[in-house]
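Novice: just coords:
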């Protein structure tokens, strides 16, 4: 069960400030409710809009005590308070992550940042260096890794239950961009604007989730990729479809099939990993189950909270067997992990043990992945080396 | 989406006090996180244990500002504060609900109470009368009615999509009592003690959920029932199995099949309703889907957040299509509905519109159902009239 | 795999004659194709209609060499031939089974007969006595027992994998009688006529399948039942809904929920059996899977042709893992079992080993079950003893 | 329902001869039982082994009247008989298809042939020319197209229910070659020998099924492909994994992910097609269902035999709603279609109407696909033009 895992209580809740995610934003309420439901945070400060007035009024509406007109104002003001925020959560448009995160680190705040980490690889590397130097915690919100059964899958691979990994497939098949909406047409949806969201949008927006999920579960990074991205909806400028092939130095293969233009589809995040001894299968829409097939034995259906799970899965579980947990619970697990890590840092001078939240290095890998896919696609699907520095054979 | 639905913001969060649900309790953290994730409550007071010292220390651990040694102390003290609690949530053993709820109503607090409402029908009726007189809100935590697809099912029946209702089946097949645990053996699990939890325990504990779910979705109450309860695990005193047949005055039939002793089973809450034109099917383990079969047309698979839903389903939805919501979200919907109703009462002098949270009358009906099932079972399954006052033909 | 299981080939195909199941009949082509696909039968004679002319023309249409104007004519004529039929398959209206089967046994023919065996218990007992005396094989077409995963379930119970059986539930929820059809209204559908099909039609038609399935899988017969049958579709005379409770002498409980009037439903045959150690779950619509949940271990998903099955399941399997088998394959397994048994009888003088096809005693039990349910329902659901002679404690 | 569809009966069964598929072969009994269960064939001649003695004894064992020592002998002898075979079914190793099929066509026999049609493209083209000249029917056994719901999918695309096709994904994920078996190691499994089975074995063996399924359902052929094939099991010579990308001239994209080395996997044939208005999803393991998602409306779950299907789906259906049909039924549908086409040719001199069985041109396309994939893989996944002659834009 989702507990402090040996971390002593701080005797108070952590103070969180949020930037972005104001009225009308889906991800804003997800971050806030995830923090709140973990019972470890209070949200004391916010910048809920790039429009200063709306930022103030939205915070009042939500009963958040302190609100600011800009991220910079919040960071500076809170840093000056005795009981200022411990942690900042950044959920602004992609191209603004870098600057805000730099300021927060400088002000000594721990950071939770939406993906993709930045829109340029050099920024991602710079941010990684700053975070390392600061000794502060930095989480990239790859929320799917918070699902108990995703953690179970990772633990099974680590324990060798699947044997040597031979193939990975991750599908992410959404339908909400099957038509061009008014906000897209009028240029008001920043997710569809390369200048703000980054090159090869479908890869930046959801491809990074697939890439990280594969890395998280298999514990390995591919050394080469080949990408075929395109736009399937007539009249659209951004990409909405990509098929990406991965080669691992072990000889293993990976395949990502991602789109946001599959008319009628919902979320469609589906992961399969096969090794020499067996394979797992996980559907985000049915997140509380993990099917494990293995050579010579009947398939096993693992269930969140059920028998036979590894500790890492149980630690990410908040309610017992048979009580479904969903997307916000996965998010809450990241916030819970992060809180435990921060509390530990506040209370002790000891070296932190590894925490299962996604770290800044995962965010850096994601940005490099986007760049490599863009390069391959420009080369008509040629195989591109992924940065050797971040590749390790398993 | 899960919004204020036209209710204006109060400009502050509602102040909640909780009684029960301390360390080790599953339902305690469910209530608290449900309240918090709705972003409409702050938890300011608590009695987290019947042991005064543990109550104080547990509240400190959770960062709850004010803690008390008993429910009575909390109610009296908070009533005296200018910024005392608006609402009390009761999740203590069943036989204590009546007294605490009476005190809270007298102190002018709105009440959220766990099911079953009381352990005796006369108490339930008395509480109903007091609540009506007080003009305060009183919610019974039949949490499954908070799932968007359960509300969709209700709306479909109301709209006539299923035609005249002809048959209902509700299964609740759990496995956690398939063996006698140490706490049961030593008498420390109050859920297994008739004096505290009520007669015919499997009916009181989960049968009431089935009964309410059938009533909520069909909008009808049966006039007669026949029950076959028993104990299937050797050495146990409490019942752990019941099959209950229902007869509606319309001629429709219902059937409940409930147990907590199905070895290996998880939650197993499964509802089917068929009418003259079609039928629906819902599994709590896959709560975001509702299958609708109808005469002469392909089956439709409704999905939380997806196309074609009635407003009542969308209003109970917090995150978009494809992002699973679970048990705590269903609970949070009850808390959200309740907050909207209370805010409206605080801000206006107008008559309240109907709120979809389960009301005290639903709790009273549940207690009568338990009594009737007990009576039928004692009569070897004879058909028993359910209190005419609470029965209405549809 | 579906083989001769050690039975030597006869060097020729068995000669089959069919009675009933002519043009427009669903079950006729099912029987014939099941026999043919086993590669052990040739269909050499037929009475395909009670109308002599249509019987002759239908057989010609199907390329069946010999056709007759009545069952009696076929039996007498074939008995006189050197290469006459070995086996007769009876799929005529229920009230005619008895007479045709008697004649066939007298003529020395092995019999495959549709369920229910007869419309009266005394006829069933009489037929059982005649069959035993004859030394001939007699199969009652409870086809669902031919599914590999149903056999696996039976084997698991026998092996003790579920522990002591504590509860059984079988649902059979069809929708094809949700409205009154023209043939029903005009009295042309014999399935809806009590004089021909038997009392309490929904129980006779599909309830018997549930009852036999429970008996087959658990290896036990209940000692008492309580039935609540009724008609849910206004204007219908036959029953179309029944909820039946079972009590076993071990203390175990059973529950059948059956209807043909669930608008929009398909076949809905669903079996669950729970014991002290675990439980199984099987859906006829997804017949190639069997879910096994057990205490303290992850659920196992057994698959037709997959790892970890008992021999009896593999022997009922015709095509490898991943190639779905359906309803006609289950039927073909009965025909295959029956062929093996008949071939063994023809070739050897040895005592037959037990064959897994459903025997006449199963048919007799089914007829008694129908009578007992009728009696209970007439007594407003009173508990009725099922014939002690056919009840055995387990 | 699976009927003659307006084709008059021949008054006799069609006479079938089979080559290959002897004892121990899985596909042999599938072909024979498929033919028999359609009630339109009798199997009168066979060559069941390349070993003449075993061929004779196996036929006797199965009760097949005439057996031969070689395909050539069967073809010549049967051609000389007044009541010789009408049709030959070829299920021998891939490299022998060409010669046997040529002989059969010369002898005036209609042909059913296993896939891949041949091991070389020039042979495939030659065979196509001979078949066209002969006026005889020639079916390539792409059996998955016989499933009613696959035909429904095709009909939906044709009717425009999905709008313009934008993306297709077909997965075929088997596990039976996750380890190297003794027969593979010793070179006795011809499926693993390139000389006999063809280059790039995983593509030849199951990739062709995916390719044809995509073509059948979408009605379109891609113009370019890029293939990444490899061997994932150490020590194996044949390929066991391939990821193939397709580009259609419309701009649509396709992706095939195929393997036989996914440890623990079963059959894993899974098809998704999305267009501008909606998409379909079909799993071979659950063949009787087809999920249709569409823009702005709830998903529809089509079921074999259920409401709302196109005629082509119903014509491929043999038993009613709720009675599962499986792999052999899909095969039987091909045999039934073929029988209807042959009967029509025998009885009339009119031009044949299009029959839904897969024709020789489909087999030719499959062979070209194998060659193109081989070429692309040799070029490290370069995009290769598929033969322009067989490509048509849609």
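Specialist: On my side now, so go ahead. Since we're looking at a predicted model, the values are computed, not measured. Residues are numbered from 1 along each chain as shown, chains lettered A, B, ... in the order given.
Novice: quick one: is stretch A:318-326 near chain C?
Specialist: No: applying C-beta under 8 Å from any C-beta of the partner chain, one finds stretch A:318-326 separated from chain C by no less than 10.9 Å. Every C-beta, even on glycine, is put in place using the N, C-alpha and C of the backbone.
Novice: pull up the distance across that stretch, start to finish.
Specialist: Chord length of stretch A:318-326, first to last residue, is 11 Å (C-alpha to C-alpha, to the nearest Å).
Novice: now do the contacts for residue A:217.
Specialist: Counting by C-beta atoms under 8 Å, 6 or more residues apart in numbering or on different chains, residue A:217 makes contact with A:150, A:153, A:154, A:157, A:168, A:271, A:273, A:280.
Novice: ramachandran coordinates for residue A:204?
Specialist: Backbone torsions of residue A:204, given as degrees, to the nearest 10, read phi -70, psi -40.
Novice: mind checking how far the residue nearest to it when sequence neighbours are not counted is from residue B:170?
Specialist: Setting aside the residues directly before and after it, residue A:204 is nearest to residue A:198 in space (C-beta to C-beta, 6 or more residues apart in numbering or on different chains), at 4.0 Å. From residue A:198 across to residue B:170, the span is 50 Å (C-beta to C-beta, to the nearest Å).
Novice: mind checking which of these two has more residues around it?
Specialist: residue B:170 (25 against 22; other C-beta atoms under 10 Å in any protein chain shown).
Novice: looks to me like that one is in a helix.
Specialist: No: counting by DSSP: H, G, I helix; E, B strand; the rest coil, residue B:170 is not part of a helix but strand.
Novice: partners of it in the sheet?
Specialist: Beta-bridge partners for residue B:170, by DSSP bridges, are residue B:256, residue B:271.
Novice: and residue A:84, what are its phi and psi?
Specialist: Note on residue A:84: its backbone torsions stand at phi -70, psi 180 [degrees, to the nearest 10].
Novice: which residues does it contact?
Specialist: A:15, A:45, A:77, A:78.
Novice: for the last one, which non-adjacent residue is spatially closest?
Specialist: So the one you mean is residue A:78. Distance criterion C-beta to C-beta, 6+ apart; nearest residue to residue A:78, sequence neighbours excluded, is residue A:84 at 3.7 Å.
Novice: how much space between the one you found and residue A:329?
Specialist: From residue A:84 to residue A:329 the distance is 29 Å (C-beta to C-beta).
Novice: do the same with residue A:279
Specialist: Residue A:279 is 26 Å from residue A:329, where distance means C-beta to C-beta.
Novice: between the two, which one's more packed in?
Specialist: residue A:329 (33 against 29).
Novice: the more buried one falls within a helix, correct?
Specialist: Yes: under three-state DSSP, residue A:329 sits within a helix.
Novice: does it touch residue A:323 like I think?
Specialist: No: using C-beta atoms under 8 Å, residue A:329 makes no contact with residue A:323, being 10.1 Å away.
Novice: pull up the overlap in contacts between the two.
Specialist: Counting by C-beta under 8 Å, 6+ apart, the shared contacts of residue A:329 and residue A:323 are B:326, B:328.
Novice: measure the residue nearest in space to the middle of chain A to chain C for me?
Specialist: Residue closest to the average C-alpha location in chain A (C-alpha atoms, centre = their mean): residue A:142, at 1.1 Å. Remark: distance between residue A:142 and chain C (C-beta to the nearest C-beta, to the nearest Å) = 26 Å.
Novice: ok, that residue - contacts?
Specialist: A:115, A:208, A:209, A:212, A:213, A:216, A:358, A:362, A:366.
Novice: quick one: which helix or strand includes the last one?
Specialist: When elements are assigned from DSSP states H and E, residue A:366 belongs to helix A:360-378.
Novice: that helix and chain D in contact?
Specialist: No: with C-beta under 8 Å from any C-beta as the criterion, chain D is not reached by helix A:360-378; the gap is at least 10.4 Å.
Novice: stretch A:276-295 too?
Specialist: Yes: judged by C-beta under 8 Å from any C-beta, stretch A:276-295 comes into contact with chain D at A:276, A:277, A:278, A:279, A:292, A:293, A:294, A:295.
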